[in-house]
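Engineer: I need the structure of the sequence given here:
(2 chains)
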Protein chains: 2
Amino acid sequence: MNPLERQVLDAIDVEGMLSFLCRLIAVPSLDGEETDAQRLVAEQMERCGLEVDLWEIDLEDLRRHPAFSEEVPRQTALGLVGRLGNSAKGQSLILNGHVDVVPAGEPAKWHYPPWQGTLTDRRVYGRGAVDMKGGLCCALFAAKALRDAGVELADSLLIQSVVGEEDGGTGTLATLARGYRAAGAIIMEPTDLAVVPAQAGAMNFRLVVPGISAHGSMRRQGVSAIEKFLPLFSALQELEKARNARIDHPLMARHQLPYPISIGTVRAGNWASSVPEELICEGRFGAAIGEDPAEARHRLELAVQTAADADPWLSQHPPTVEWWGGQFEPAETPMDDPIVAVVQDAVQSLTGARPEIEGVSYGADLRLLVNEGGIPAVLFGPGDVRVAHQTDEFVPIDDLLIVVRALALVAMRYCGIADD
Amino acid sequence: MNPLERQVLDAIDVEGMLSFLCRLIAVPSLDGEETDAQRLVAEQMERCGLEVDLWEIDLEDLRRHPAFSEEVPRQTALGLVGRLGNSAKGQSLILNGHVDVVPAGEPAKWHYPPWQGTLTDRRVYGRGAVDMKGGLCCALFAAKALRDAGVELADSLLIQSVVGEEDGGTGTLATLARGYRAAGAIIMEPTDLAVVPAQAGAMNFRLVVPGISAHGSMRRQGVSAIEKFLPLFSALQELEKARNARIDHPLMARHQLPYPISIGTVRAGNWASSVPEELICEGRFGAAIGEDPAEARHRLELAVQTAADADPWLSQHPPTVEWWGGQFEPAETPMDDPIVAVVQDAVQSLTGARPEIEGVSYGADLRLLVNEGGIPAVLFGPGDVRVAHQTDEFVPIDDLLIVVRALALVAMRYCGIADD
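Structural biologist: Next up is the predicted model:
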């Protein structure tokens, strides 16, 4: 590290970052309700010295984009990009983070309140701490350190605070629609400090299983949609097994189950003593890197249909599969793209250890930047994704400290320093 | 039939009955929302010449009764009894019908609107038509015919319009608490014109199955409550099979499945791409005639516990069984009680065929009148219970015509005619 880099690292406002992270966690920015969080981040961007572009996303227009998907129909959504440096020599860098979070579930199950940042045991607890308000704060305070240290970048650093990542990528798609591009991008999703240029696809589906209602005391007069769900659930389990039996991709092979099929919700019936006439379950279907999403979808539909055909009643009353909400294509940035090495180098400068290059099984906005925007991108961020979407979600403070520093170094090295 | 009986039958206001039934169906008297329906029935009782007792049920007091159960916590509920005749020679008769109905489910699945009485094909369609506003209207218009024909009964005919039958029996229990008793009772539940002195118990249960949440892309980091539900569901299916393998009761042996265990609702998870950390299902558990309800409940709990013990994870994270809402004990009136024969005789007078004596697999208010009130009682009413709780619920008009006539005959024969 050179003296300027050390100067920037010394300028990092750790206390300010943790304090802002707690304020941001306290805004319950569930999908569709991100406006307050976006305004709060915009204010912070101003305080960090960024030139702020806060705009009302033209949702009507965006919904016509072929890559658009959403689960929560929004009436309104804000786009937000903060820029540091104005020149454009072709080495601009995007740091992308989403403010939307998944529901907290039953608050009583949390040891720490979900809608409040709690600092304890060198961790920050709260919904969104790791996925991914923590990572977003690292980017904001890396920029602030650059500004506070008086660094002028040779090319633009663009910090994107986006909505709707969890439910389809509305916010990141909106940055592309507004024309934002860069030579490279980092999404601060929790990677446990690994550098992730490849990710599986994830496509939300809904399986609707029919039944025939009847009074429970004469249940054989009806057909329970719950019973009819069982062979379909088995078929999905078998399909998952078959699809994960042999994995060729070098970055995915390390995973026990790189392309899971997971049922997240089940709803059936509305009265304890009636036979349920319908079961609706929703889940996510992992698509393999390199796999055509349409073909992947067809494979799931076929598995459901084959199982239904094998059941005398379902063959006459077929279940339906719908694809809805997040339709995350798989995506990949070549491992030899400069963005991969620059992040590795930065972390190594700080920790002495070179971070792993990995592929991940979960979908995120990477595919929009890479596939739609043509921007080489990696995921790189603090914390363990295994605690995302869980009760007692947390991000380790040590990881935040490494990532905020690494992002500051990457910004300087990737964008370059302006000549005096 | 004697001339007076013929005179009463001729006085039956069929058009008025069908028209009032349609008005009553149009009041969506879901459990907890029965007040408007009770007021409407009270008005009709006045018009039928009944002395009306409409009272605010003391729910706080009633909840202390050991036989009390409810699913919908009511703030308020009305009791309603209409009386014809005032003497009491020990042969008074109760005609009991409930105004509460189960939800309609998806209205779009109905060919006829659920909250409107539709007369077509000699049927009345609508939620509650058969369960059991149709039967209640038969009682009201049997009483009206007696009044219109100038008949004075030797003993009281008590028409009880009750709330909360579907969710535990609040209304009928309230009539007992207010002191109403009689020598015999008929509940106009749909029996397809059979006379039913015996019924199985039905007890609502809730099974809560734990899991561990995780992101669906790493589902093996979590434990799906849906997967953990499967062995428990199997265990309930096995238990049902065992409990129905050999049936001794002469009135129950004709049923293929007299004591079903039926799951009516399932709820799991709140996000398509999270592993669900909890599954809650609700169902009804059939208790055998003569079986001690506490022992029956224990048998279900044991089956769940045994299945959980066989699963390494569930044995450490046991599911729970709760008993809630309707806890309908089995109940039985001796087949040689006079109320049985008088109903059979009346139907035979009208149709020439002697109705069957049957036992039924569903719970109703019979057990409150019999077990708590000590009142010999039967179910007897129009229509087929298999269409109860279903879409396109209906009651055949021909059945209504037989039941309204039969109830008028039974009232005269059971209560007797006052001496001039």
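
Engineer: neighbouring contacts of the helix or strand encompassing residue A:174?
Structural biologist: For residue A:174, the host element (DSSP states H and E) is helix A:170-177. Outside helix A:170-177, the residues within contact range by CB atoms under 8 Å, 6 or more residues apart in numbering or on different chains are A:34, A:57-59, A:61-62, A:65, A:67-68, A:70, A:74, A:77, A:79, A:81, A:96, A:98, A:100, A:160-165, A:365, A:368-369, A:372-373. Every C-beta, even on glycine, is put in place using the N, C-alpha and C of the backbone.

Engineer: low-confidence stretches in the stretch 151-300 of chain A?
Structural biologist: The stretch 151-300 of chain A contains no residues with pLDDT under 70.

Engineer: again, only this time at 90
Structural biologist: Scanning the stretch 151-300 of chain A for pLDDT under 90 picks out A:166-168, A:213-215, A:246, A:248, A:253-254, A:256, A:270-271, A:273-274.

Engineer: what's residue A:91 in contact with, if anything?
Structural biologist: A:154-155, A:183, A:414-416.

Engineer: if any of these are buried, give me the ChimeraX selection for them.
Structural biologist: The ChimeraX selection below is limited to those of those classed as buried (16 or more other CB atoms under 10 Å in any protein chain shown):
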select /A:154,155,183,414,415
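
Engineer: farthest-apart pair in the contacts of residue A:91, please.
Structural biologist: A:154 and A:183 (11.8 Å; CB to CB).

Engineer: in stretch A:45-61, what counts as buried?
Structural biologist: A:45, A:48, A:50, A:52-54, A:57, A:59.

Engineer: show me what the next helix or strand after the helix holding residue A:174 is packed against.
Structural biologist: Where DSSP H and E defines the elements, the next helix or strand beyond helix A:170-177 is strand A:184-187. Packed against strand A:184-187 by the contact rule (3 or more CB pairs under 8 Å, 6 or more residues apart in numbering or on different chains; DSSP states H and E) you find strand A:93-98, helix A:338-351, strand A:377-379, helix A:397-415.

Engineer: briefly note if the third one comes near chain B.
Structural biologist: Right, strand A:377-379. No: using CB under 8 Å from any CB of the partner chain, strand A:377-379 stays clear of chain B, coming no nearer than 12.5 Å.

Engineer: what comes up buried for that strand?
Structural biologist: Using 16+ other CB under 10 Å as the test for burial, strand A:377-379 gives A:377-379.

Engineer: equivalent analysis for the longest one, please.
Structural biologist: Residues of helix A:397-415 classed as buried by neighbour count (16+ other CB under 10 Å): A:397, A:399-415.

Engineer: now the second one
Structural biologist: If you call a residue buried by 16+ other CB under 10 Å, then helix A:338-351 has these buried ones: A:339-340, A:342-347, A:350.

Engineer: can you list the residues of the stretch 1-150 of chain A near chain B?
Structural biologist: Residues of the stretch 1-150 of chain A lying near chain B (CB under 8 Å from any CB): A:71, A:102-103, A:105-106, A:109.

Engineer: I'd like to know which of those residues are part of helices.
Structural biologist: The helices, defined by DSSP state H, take in nothing from these.

Engineer: once you drop chain neighbours, what's closest to residue A:410?
Structural biologist: residue A:346 (4.8 Å; CB to CB, 6 or more residues apart in numbering or on different chains).

Engineer: so that neighbour sits against residue A:412, correct?
Structural biologist: No: Residue A:346 is beyond contact range of residue A:412, at 9.1 Å (criterion: CB atoms under 8 Å).

Engineer: distance check, the residue nearest the centre of chain A against chain B.
Structural biologist: With distances taken as CA atoms, centre = their mean, the residue of chain A nearest its centroid is residue A:364 (3.8 Å). Distance, residue A:364 to chain B, using CB to the nearest CB, to the nearest Å: 10 Å.

Engineer: break chain A down into its domains, please.
Structural biologist: A:3-199+A:330-415, A:201-328 (automatic domain parsing).

Engineer: now do the last one: distance to the chain's middle.
Structural biologist: Pointing back at domain A:201-328 there. How far domain A:201-328 lies from its chain's middle: 23 Å, per CA atoms, centre = their mean, to the nearest Å.

Engineer: deepest-packed of the domains of chain A, please.
Structural biologist: domain A:3-199+A:330-415 (a mean of 21; mean count of other CB atoms under 10 Å in any protein chain shown).

Engineer: look up the closest residue to residue A:356, ignoring the ones flanking it.
Structural biologist: That would be residue A:194: by CB to CB, 6+ apart, it lies 4.6 Å from residue A:356.

Engineer: is it correct that the one you found is in contact with residue A:355?
Structural biologist: Yes: look at residue A:194 against residue A:355 with CB under 8 Å: they come within range, at 5.3 Å.

Engineer: overlap in contacts of the two?
Structural biologist: Common contact partners of residue A:194 and residue A:355 (CB under 8 Å, 6+ apart): residue A:380.

Engineer: contact residues of the stretch 251-400 of chain A facing chain B?
Structural biologist: Residues of the stretch 251-400 of chain A lying close to chain B by CB under 8 Å from any CB are A:256-257, A:260, A:262-279, A:281-284, A:286, A:325-326, A:360-363, A:385-386, A:388-391.

Engineer: contacting residues for the nearest residue to residue A:259 once chain neighbours are set aside?
Structural biologist: Leaving aside its chain neighbours, residue A:259 sits nearest to residue A:286 (3.4 Å; criterion: CB to CB, 6+ apart). Taking CB under 8 Å, 6+ apart as the criterion, residue A:286 is in contact with A:200-202, A:243, A:258-261, A:361, B:217.

Engineer: other residues contacting stretch A:107-121?
Structural biologist: Residues outside stretch A:107-121 that contact it (CB under 8 Å, 6+ apart): A:18, A:21-26, A:28, A:104, A:124-127, A:129, A:391-394, A:397, B:277.

Engineer: tell me where the stretch 101-250 of chain A has strands.
Structural biologist: With strands called from DSSP state E, counting those that start in this stretch, the stretch 101-250 of chain A shows them at A:118-120, A:123-125, A:157-162, A:184-187, A:195-199, A:201-210.
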